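Asks: Fold the following.
(one chain, ligands or ions: 1)
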Amino acid sequence: MHVIDLPSPNHAARPADADIDILVLHYTELPLDESLAILRDDARAQRVSAHYVLDLDGTLYRLVPEDRVAWHAGRSYWRGRDALNATSIGIEIVNLHGDLHDYPSRQIAALIELCRDVIARHPAIVPHNVVGHSDIAPRRKVDPGRRFPWATLAQAGIGLWPRGAQAKLEGDVQAALQRFGYPPAVEVATADIVAAFQRRFRPNLVDGVADDETRALLADLLDQVKVPRLA
Ligand SMILES: [Zn+2]
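Replies: Sure, this is the predicted structure:
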């Protein structure tokens with residue numbers, strides 16, 4: 001696909017043993033020009049960047065080469081690991097707030113093409129490891145937001161989506177969320193992590209309450225990824 005190179009100075013070397021195995025999706029929260037300016041600014045106290053910025057019309061900008069670390073995730077955790085910038089690719093999708101604004105179909109079509117390319121280059125990015133910023137930083141982050149079309153992406157083979165709400169979840173919901181990949185309830189409460197899960201997998205009701213439907217969706221996803229119960 002057509003890519004416009006717009007290099008950012010904000011990047012670092014990958015650790016020597018890093019296997020790129022996580023894809024993190026974000027929304028910019030700002031219009032394109034402001035987003036590009038911030039992501040390419042090396043004079044900020046908190047320098048930030050992403051590998052790609054995808055505009056509303058599907059125009060794609062490459063800021064950081066995939067073999068370098070971009071600074072998009074911040075404090076983050078998934079499947080037992082933290083500091084995920086080291087092993088991830090970050091895509092910033094232009095949208096002012098993904099709870100309020102739909103993602104245009106042209107933008108999503110381009111995103112699917114980009115994600116397929118990225119995953120083809122890095123086959124360790126299994127569907128289980130395609131995440132939103134809100135998944136890896138519960139409460140602190142809400143992007144890409146409740147209107148992000150995760151189901152459409154899953155249909156295209158990118159990321160997971162529940163098959164239904166018939167499965168039964170045995171045991172403690174916090175333990176099950178951690179088996180799936182979410183962080184332990186140390187810096188945030190279990191309700192925050194349940195809300196992060198709902199934001200991703202049941203966006204029409206995000207209340208932090210582990211109700212029967214939430215538990216069933218989580219059970220289905222655990223079954224999809226075959227994560228064994230801990231003793
Ligand atoms: Zn983000």
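
Asks: Okay, strands next: where are they in this protein?
Replies: Here the chain has its strands, by DSSP state E, at 4-5, 11-13, 22-27, 52-54, 60-62, 68-70, 77-78, 81-82, 88-93, 130-132.

Asks: can you list the residues of the chain near the ion?
Replies: The chain has residues His26, His133, Asp143 near the ion, with proximity defined as CB under 5 Å from the ion. All C-beta atoms are positioned from the backbone trio N, CA, C, and that covers glycine.

Asks: Just send these back as a markdown table, with neighbour count too.
Replies: Formatted as a markdown table, the residues of the chain next to the ion follow (neighbours: other CB atoms under 10 Å):
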| residue | neighbour count |
| --- | --- |
| His26 | 24 |
| His133 | 25 |
| Asp143 | 22 |
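
Asks: Could I get those in JSON lines, plus columns for distance to Thr152 and pLDDT?
Replies: Putting these into JSON lines (distance: CB to CB, whole Å; pLDDT from 0 to 100) gives the following:
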{"residue": "His26", "distance to Thr152": "17", "pLDDT": "98"}
{"residue": "His133", "distance to Thr152": "18", "pLDDT": "98"}
{"residue": "Asp143", "distance to Thr152": "17", "pLDDT": "98"}
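
Asks: So Ala156 sits against Ile112, correct?
Replies: Yes: the pair Ala156 and Ile112 qualifies as a contact (CB atoms under 8 Å) at a distance of 4.7 Å.

Asks: Can you give the domain ranges for this protein?
Replies: Using automatic domain parsing, the domain ranges for the chain come out as 4-155, 173-225.

Asks: so where's the longest helix in the protein?
Replies: helix 105-121 (DSSP state H).

Asks: so what's the most centrally placed residue in the chain up against?
Replies: In the chain, the C-alpha nearest the mean C-alpha coordinate belongs to Gly132, at 1.9 Å (CA atoms, centre = their mean). When contacts are counted by CB atoms under 8 Å, 6 or more residues apart in numbering, Gly132 is found next to Val24, Leu25, His26, Asp143, Pro144, Phe148, Trp150, Arg199, Arg200.

Asks: What is the nearest of these to His122?
Replies: Minimum distance to His122 across those is 12.6 Å, recorded for Val24 (CB to CB).

Asks: How about the contacts made by that closest one?
Replies: The neighbourhood of Val24, defined by CB under 8 Å, 6+ apart, consists of His72, Ala73, Ser76, Leu84, Ser88, Ile89, Gly90, Ile91, Val131, Gly132, His133, Ile136.

Asks: Look up how far Asn10 lies from Thr43.
Replies: That one is not Thr; residue 43 is Ala. Summarising the geometry, the distance separating Ala43 from Asn10, computed by CB to CB, to the nearest Å, is 10 Å.

Asks: So which of those two has more stuff around it?
Replies: Between Ala43 and Asn10, counting by other CB atoms under 10 Å, Asn10 is the more crowded of the two (22 against 6).

Asks: how about the more buried one, what does it touch?
Replies: For Asn10, the contacting residues are Leu39, Arg40, Asp41, Asp42, Arg47, Val48, Ser49, Val64, Ala70, Trp71, taking CB under 8 Å, 6+ apart as the criterion.

Asks: In ChimeraX, how would I select the buried members of the residues you listed?
Replies: Buried members of those can be picked out in ChimeraX with the line below, counting by 16 or more other CB atoms under 10 Å:
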select :39,40,47,48,49,64,70,71
